[in-house]
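**Q** Fold the following.
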Amino acid sequence: MSGLENIKNENVDLEKIPIEEVFQLLKCTSEGLTTQEGDDRIQLFGPNKLEEKKESKILKFLGFMWNPLSWVMEAAAIMAIALANGDGRPPDWQDFVGIICLLVINSTISFIEENNAGNAAAALMAGLAPKTKVLRDGKWSEQEAAILVPGDIVSIKLGDIIPADARLLEGDPLKVDQSALTGESLPVTKHPGQEVYSGSTCKQGEIEAVVIATGVRTFFGKAAHLVDSTNQVGHFQKVLSSIGTFCICSIATGMVIEIIVMYGIQKRKYRDGIDNLLVLLIGGIPIAMPTVLSVTMAIGSHRLSQQGAITKRMTAIEELAGMDVLCSDKTGTLTLNKLSVDKDLVETALTTRRDYGAGERQAEWAREQRTQHGLQTRQEVNVFPENGGYRELSQIVEQAKKRAEIARLREIHTFKGHVESVAKLKGLDIDTSGHHYTL
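**A** Next comes the predicted model:
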């Protein structure tokens, strides 16, 4: 396993070396791995999925009590129970219980909403768990992508989401949509021997590939790790922190002045002064503000869920609403990079003639063929003799690059497509500026 340990530690660059050396280093063949080899390697490399941070529910709940506004409320609660005694009177239990209840209510609302959103997102991800066709024990089978390990042979075809970083084996070139990773709006052509990345989508072709990286070691996994490693504070937390800091500074200044006046000048009793300080401390903080904010964002999260949007962090609602400039890359990130039909128009006809049969249908078929290939408009078409003599010769496969078709109508060859594209495709001489075409 020493060679596989080097691959796990990324001491070997499997992207650039010849494909034969890839098989040698991965200790596999084009026949794939056995089930036992796959089980052994998944113990070494781990499952083919991103690491999920598991946070303690208790710590997450207590985290909602750890902010400047909560600190002031907690200080007031401590003062009410620990300092507000003397002169034969008990501590101020009523204020203590009231402050603690407000803290618990604020934290509970935020915790429940974010926990529900997290559960919804987890259920959605579980339902969208990618599948892949993998060669194990000499047989092809559809399995969950999480079981893939370096050395597995997978089959990639049109519409598949590539489950791991892999090197293409022998076959025709593949067209891959990498817009989610690189922002490229057009599919990229990948030839045998080249690498395809996890998370990209196959747009054309079918080929086999050998897996070289899984999980956090993929190109997508490394990018996701870089995003998770950032500890930027959101705008909402900054606003709360600034409000809390202002309240703390204001209250501290007021309490210092009040202590000097009450105990230094007025010579009041200890308990009377503590009661006044407690009033200043509780009255100087917006106790209801966290509750109002939590309820407001919870309502916003619920409304977004009704429109199909899942909010994992309630603070993201405020951050998105306060956005001034959106910096985005090309098609495929916010947009779907897909064409859709806005409206359709279907021509229909109704007849009660019992003799409406083969002749009319063949004539209509001929009319449609001449219209479809641009010979005449529908109004100009004169239906030619039976069967039409029409036979389609071929259709170009790479329509994304070469949008043209060739049709044969009796002795007439028709080229349909963009003029320059047809010219480049067939090597024709065309002078578009002078409207002169040489065939």
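
**Q** residue ranges with poor pLDDT in the stretch 1-150 of the chain?
**A** Within the stretch 1-150 of the chain, the ranges that satisfy pLDDT under 70 run 1-3, 52, 83-89, 92, 117-118, 120-129.

**Q** Tell me where it has strands.
**A** 131-136, 139-144 (DSSP state E, counting those that start in this stretch).

**Q** The last one packs against which elements?
**A** Here strand 139-144 is seen to pack against strand 131-136 when contacts are counted using 3 or more Cβ pairs under 8 Å, 6 or more residues apart in numbering; DSSP states H and E. (C-beta placed from N, C-alpha, C; glycine too.)

**Q** now the strand it packs on against strand 139-144, angle please.
**A** Relative orientation of strand 131-136 versus strand 139-144 (axes from the mean of the first three to the mean of the last three Cα atoms, to 10 degrees): 140 degrees.

**Q** Looking at the strands of the stretch 1-150 of the chain, which one is packed in the most?
**A** Among the strands of the stretch 1-150 of the chain, the stretch with the highest mean neighbour count (mean count of other Cβ atoms under 10 Å) is strand 131-136, at a mean of 19.

**Q** can you tell which of the strands of the stretch 1-150 of the chain is closest to residue 29?
**A** Among these, strand 131-136 comes nearest to residue 29, with 10.1 Å by Cβ to Cβ.

**Q** name the helices or strands packed onto that closest one?
**A** strand 139-144, strand 153-157.

**Q** elements contacting whatever helix or strand comes next after the shortest one?
**A** Spelled out, it's strand 153-157. Later in the chain than strand 153-157, the nearest helix or strand by DSSP states H and E is strand 165-168. Under the contact definition 3+ Cβ pairs under 8 Å, 6+ apart, strand 165-168 sits against strand 195-196, strand 206-213.

**Q** Now do the contacts for residue 110.
**A** Neighbour list for residue 110: 64, 294, 314 [criterion: Cβ atoms under 8 Å, 6 or more residues apart in numbering].

**Q** so which of those residues is the most crowded?
**A** Of all these, residue 294 has the most neighbours under the rule other Cβ atoms under 10 Å, reaching 22 neighbours.

**Q** so which strand or helix has that one?
**A** helix 289-306.

**Q** Same check on residue 317?
**A** Using DSSP H and E, residue 317 sits in helix 315-321.

**Q** Am I right that residue 82 is in contact with residue 95?
**A** No - using Cβ atoms under 8 Å, residue 82 is not in contact with residue 95; the gap is 12.0 Å.

**Q** Of the two, give the one with the bigger neighbour count.
**A** Neighbour comparison, residue 82 and residue 95: the larger count goes to residue 95, with 20 against 10 (by other Cβ under 10 Å).

**Q** distance of that one from residue 262?
**A** For residue 95, the distance to residue 262 equals 19 Å [Cβ to Cβ, to the nearest Å].

**Q** domains for the chain, by residue range?
**A** 1-340, 358-438 (automatic domain parsing).

**Q** Please report how far the nearest residue to residue 301 once chain neighbours are set aside lies from residue 221.
**A** Spatial nearest neighbour of residue 301, chain neighbours left out: residue 311 (4.4 Å); criterion: Cβ to Cβ, 6 or more residues apart in numbering. As judged by Cβ to Cβ, residue 311 and residue 221 stand 25 Å apart.

**Q** what about these two, which has more around it?
**A** residue 311 (24 against 21).

**Q** Need the per-residue pLDDT for that one.
**A** Looking at residue 311, its pLDDT reads 73.

**Q** same check, this time on residue 155
**A** Confidence score, pLDDT, at residue 155: 91.

**Q** residue contacts, it?
**A** Each residue near residue 155 by Cβ under 8 Å, 6+ apart is listed here: 132-135, 140, 206-208.

**Q** can you check residue 218 too?
**A** Residue 218 neighbours (Cβ under 8 Å, 6+ apart): 164-165, 197-199.

**Q** Of the residues you listed, which is the nearest to residue 254?
**A** Distance to residue 254 across these (Cβ to Cβ) is lowest for residue 199, with 55.7 Å.

**Q** nearest spatial neighbour of that closest one, skipping sequence neighbours?
**A** Closest to residue 199 by Cβ to Cβ, 6+ apart is residue 220, at 4.3 Å.

**Q** Same question for residue 235.
**A** residue 319 is the one closest to residue 235 (Cβ to Cβ, 6+ apart), at 5.2 Å.

**Q** try residue 222
**A** Closest residue to residue 222 apart from its sequence neighbours, by Cβ to Cβ, 6+ apart: residue 216 at 7.0 Å.

**Q** Check the one you found and give its pLDDT.
**A** pLDDT recorded at residue 216 is 83.

**Q** Could you do residue 208 as well?
**A** With respect to pLDDT, residue 208 scores 91.

**Q** count of neighbours near it?
**A** 20.

**Q** tell me the contacts of it?
**A** Contacts of residue 208 (Cβ under 8 Å, 6+ apart): 30, 135, 153-156, 168-171.

**Q** got the buried residues for stretch 46-58?
**A** By neighbour count on 16 or more other Cβ atoms under 10 Å, the buried set for stretch 46-58 is 46, 48-49.

**Q** Adding distance to residue 244, write those out as CSV.
**A** Converted to CSV, the buried residues of stretch 46-58 look like this (distance: Cβ to Cβ, whole Å):
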residue, distance to residue 244
46, 41
48, 43
49, 38
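
**Q** Can you select the buried ones from the contacts of residue 208 in ChimeraX?
**A** Buried subset of these, written as a ChimeraX selection, criterion 16+ other Cβ under 10 Å:
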select :135,153,154,156,168,169
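
**Q** Out of the contacts of residue 208, the closest to residue 39 would be?
**A** Out of these, the member with the shortest distance to residue 39 (by Cβ to Cβ) is residue 135, at 15.6 Å.

**Q** which non-adjacent residue is nearest the closest one?
**A** residue 32 (3.4 Å).

**Q** picking up where we left off before, Throw the contacts of residue 208 into JSON lines and include distance to residue 301, thanks.
**A** Listed next are the contacts of residue 208 as JSON lines, based on distance: Cβ to Cβ, whole Å:
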{"residue": "30", "distance to residue 301": "50"}
{"residue": "135", "distance to residue 301": "44"}
{"residue": "153", "distance to residue 301": "44"}
{"residue": "154", "distance to residue 301": "38"}
{"residue": "155", "distance to residue 301": "41"}
{"residue": "156", "distance to residue 301": "38"}
{"residue": "168", "distance to residue 301": "43"}
{"residue": "169", "distance to residue 301": "47"}
{"residue": "170", "distance to residue 301": "51"}
{"residue": "171", "distance to residue 301": "47"}
